[in-house]
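Asks: Sequence and predicted structure below; questions after.
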Amino acid sequence: MFDALSVRLRDTLGRLTGRGTITEADVDSAMREVRLALLEADVNFRIVKDFVARVKERAVGARTLDSVNAGQTVIKIVNDELTAILSAGDRTFRLTGSPAVVMLIGLQGSGKTTSAAKLARHVVRLGRQPMLVAADPYRPAAVDQLVTLGRSLELPVHHAAPGTPVVEIVGTGLAEAKRTGRDVLIVDTAGRLTVDEPLMTEIRELGEAIRPSETLLVVDAMVGQEAVAVAEAFRAALPVTGLVLTKIDGDARGGAALSISAVSGLPIKFLGTGERTDALEPFHPDRLAGRILGMGDVLTLVERAQETFDQKQAEQLAHKLKKNAFTLDDMLEQMQQLKRMGPLGSLLEMIPGMGGAAKEAQQAVDRGELKMVEAIIHSMTPAERREPAILTASRRRRIARGSGSSLPEVNRLIKQFGEMQKMMRQLSGGKGGLPSIPGLGRR
């Protein structure tokens, strides 16, 4: 979502870092570019004005311009102020009560039902036992969707016949949760196409009846500044405790994410980063600011890896590396584990200095280059995967035909695998380095 903004900010601020000391005129010029970049990204103009003024005041007022690290200092100031914009409110996710009740509200189409399932999965990872409640008696499809998602997560979903009053649906859901020992109740409420009084009245009455520990407003980040208006309208009508910002992986300009907390005063508590039920992450302002500025987000990358990679498999891989026994099967397994962590472009954005390569890598994935690598490996015999040295010219032609690729593509993969084996030997020997990703390497 932040690709265009990230590129503009990295280019603008990058011109400051390579020049030693800088002048006040340099800061003025850079801030003009930053202002344009933020406005083009659809950030609220009042937020942009205040942001630029604070950065300039800190950069010039603190007399940082005489320092040999003035460029880096200005970037740090920009990072600090960007983090401050995103840090409004208390982001603590509270699960109090027996059971704890979390109510999701929002407009139709914002991703509320999917977010309910994602949140349930997140709660399971916290060691809790959630139950989902389909509290939308107007749209049977919404109930069916939640039931399907609950089944995929092996979690119970409470629902009732169409036309049942919402308060009654949730009330019986609470009773069922207590009876079955479920300690968190996640309520997916009905939405509307627009903010209207009947919607607000229904949600207000439900909130008063169940007293949720969290009332989370689900907002589609791709609707731009309209997301800010929706947040302000809901906050004025009832006690919203936080925001779930969905479709953060989309191709919108991203300004809503930077504006919504600062304008509405509501904290962003979760980000929806994809369609899968594991594509929800707690919101960390400093980490998002780092991603936008190309500084990476190693902590989130490590957390995703810990959730995705099997510890036993990791130990087996480490043992193979020590014995110099890394095979094409191992490479294929690592690629598949990497895919489960999320889109490759978003993963590369979390590595410091790799922001510029993220888009190129994702484009390569979109072109099907990693799928081609998988097809080539699957077209080999087990012996060929274990020992690529036996791949004669005739074998390589057979693999190319079987995988729907070309002989040069097969040759390139085998060459890249050889380079990866060498790099793995260096890594296991403590020499450092980072292997290239097969299928995305040099042409």
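Replies: Cool, got the structure.

Asks: Roughly how far does the residue nearest to the spatial centre of the chain sit from residue 280?
Replies: Nearest to the geometric centre of the chain sits residue 273, at 3.6 Å (C-alpha atoms, centre = their mean). Using C-beta to C-beta, to the nearest Å, one gets 7 Å for the distance from residue 273 to residue 280. Placement of C-beta: from N, CA and C, glycine included.

Asks: Please report phi then psi for the residue nearest to the centre of the chain.
Replies: Dihedral angles phi and psi of residue 273 (degrees, to the nearest 10) take the values phi -110, psi 10.

Asks: gap between the closest residue to it other than its chain neighbours and residue 373?
Replies: In space, and not counting its chain neighbours, residue 273 is closest to residue 279: 4.7 Å by C-beta to C-beta, 6 or more residues apart in numbering. Distance, residue 279 to residue 373, using C-beta to C-beta: 24 Å.

Asks: Looking only at neighbour counts, state which of these two leads.
Replies: When residue 279 and residue 373 are compared for neighbours, residue 373 comes out ahead with 25 against 19, by other C-beta atoms under 10 Å.

Asks: Which helix or which strand is home to that one?
Replies: Residue 373 is part of helix 369-378 when elements are defined by DSSP states H and E.

Asks: got the buried residues for that helix?
Replies: By 16 or more other C-beta atoms under 10 Å, the buried positions in helix 369-378 come out as 369-370, 372-377.

Asks: which one among those gets closest to residue 290?
Replies: Taking C-beta to C-beta as the measure, residue 290 lies nearest residue 370 of the buried residues of helix 369-378, at 26.2 Å.

Asks: wait, doesn't that closest one sit right on residue 332?
Replies: No. Contact criterion C-beta atoms under 8 Å: residue 370 and residue 332 do not qualify, at 10.4 Å.

Asks: Setting aside sequence neighbours, what's the nearest residue to residue 97?
Replies: That would be residue 213: by C-beta to C-beta, 6+ apart, it lies 5.4 Å from residue 97.

Asks: make that residue 203, sorry
Replies: Nearest to residue 203 is residue 105, by C-beta to C-beta, 6+ apart, at 5.4 Å.

Asks: Relative to residue 144, how far out is that neighbour?
Replies: When residue 105 is compared with residue 144 (using C-beta to C-beta), they lie 20 Å apart.

Asks: okay, these two: which has more neighbours?
Replies: Per other C-beta under 10 Å, whichever of residue 105 and residue 144 has more neighbours is residue 105, with 27 against 13.

Asks: What's opposite that one in the beta bridge?
Replies: With DSSP bridges as the criterion, residue 105 is bridged to residue 217.

Asks: That one touches residue 215, doesn't it?
Replies: Yes. Between residue 105 and residue 215 there is a contact at 6.4 Å, judged by C-beta under 8 Å.

Asks: anything in contact with each of the two?
Replies: Residues touching both residue 105 and residue 215 by C-beta atoms under 8 Å, 6 or more residues apart in numbering: 238, 240.

Asks: one step back: need phi/psi at the residue nearest to residue 273.
Replies: Backbone phi and psi, for residue 279 under degrees, to the nearest 10, turn out to be phi -90, psi 60.

Asks: From residue 219, how far out is it?
Replies: Residue 279 is 16 Å from residue 219, by C-beta to C-beta.

Asks: residue boundaries of the strands in this structure?
Replies: All strands of the chain, identified by DSSP state E, fall at 100-105, 130-135, 157-158, 184-189, 214-220, 242-246, 268-272, 280-282.

Asks: Compute the number of surrounding residues for the closest residue to residue 184 other than its chain neighbours.
Replies: Distances taken as C-beta to C-beta, 6+ apart place residue 130 nearest to residue 184, at 4.1 Å, with adjacent residues excluded. A count of nearby residues for residue 130, using other C-beta under 10 Å, gives 28.

Asks: Repeat that for residue 29.
Replies: 15.

Asks: Distance check, it against residue 35.
Replies: Going from residue 29 to residue 35 by C-beta to C-beta gives 11 Å.

Asks: before we move on, what about residue 422?
Replies: Separation of residue 422 from residue 35 (C-beta to C-beta): 48 Å.

Asks: quick one: which of these two has more around it?
Replies: Neighbour totals were compared for residue 422 and residue 35, and residue 35 leads with 18 against 12 (other C-beta under 10 Å).

Asks: So the more buried one is in contact with residue 52, correct?
Replies: Yes. Residue 35 lies in contact with residue 52 (C-beta under 8 Å); the separation is 5.0 Å.

Asks: Next up, the contacts around the closest residue to residue 89 other than its chain neighbours.
Replies: Nearest residue to residue 89 in three dimensions, chain neighbours excluded: residue 267, at 3.0 Å (C-beta to C-beta, 6+ apart). Listed by C-beta under 8 Å, 6+ apart, the contact partners of residue 267 are 88-91, 242-243, 261, 283.

Asks: Let me know the pLDDT of the nearest residue to residue 404 once chain neighbours are set aside.
Replies: Distance criterion C-beta to C-beta, 6+ apart; nearest residue to residue 404, sequence neighbours excluded, is residue 375 at 6.4 Å. We have a pLDDT of 90 for residue 375.

Asks: Residue 375 is in contact with residue 406, isn't it?
Replies: No. Judged on C-beta under 8 Å, residue 375 makes no contact with residue 406 at a distance of 11.9 Å.

Asks: my read: residue 282 touches residue 268, true?
Replies: No. Contact criterion C-beta under 8 Å: residue 282 and residue 268 do not qualify, at 9.6 Å.

Asks: okay, those two: which has more neighbours?
Replies: residue 268 (27 against 14).

Asks: need the contact list for that one.
Replies: Here residue 268 is in contact with 86, 91, 242-245, 257, 260-261, 283, 285 (criterion: C-beta under 8 Å, 6+ apart).

Asks: Wait, the residue nearest to the centre of the chain touches residue 248, no?
Replies: Yes. With contact defined as C-beta under 8 Å, residue 273 counts as touching residue 248 (5.5 Å).

Asks: shaky segments in the stretch 51-200 of the chain?
Replies: Within the stretch 51-200 of the chain, the segments meeting pLDDT under 70 span 61-71.

Asks: Do a quick rundown of the helices in it.
Replies: 70-86, 112-125, 140-153, 166-180, 197-210 (DSSP state H, counting those that start in this stretch).
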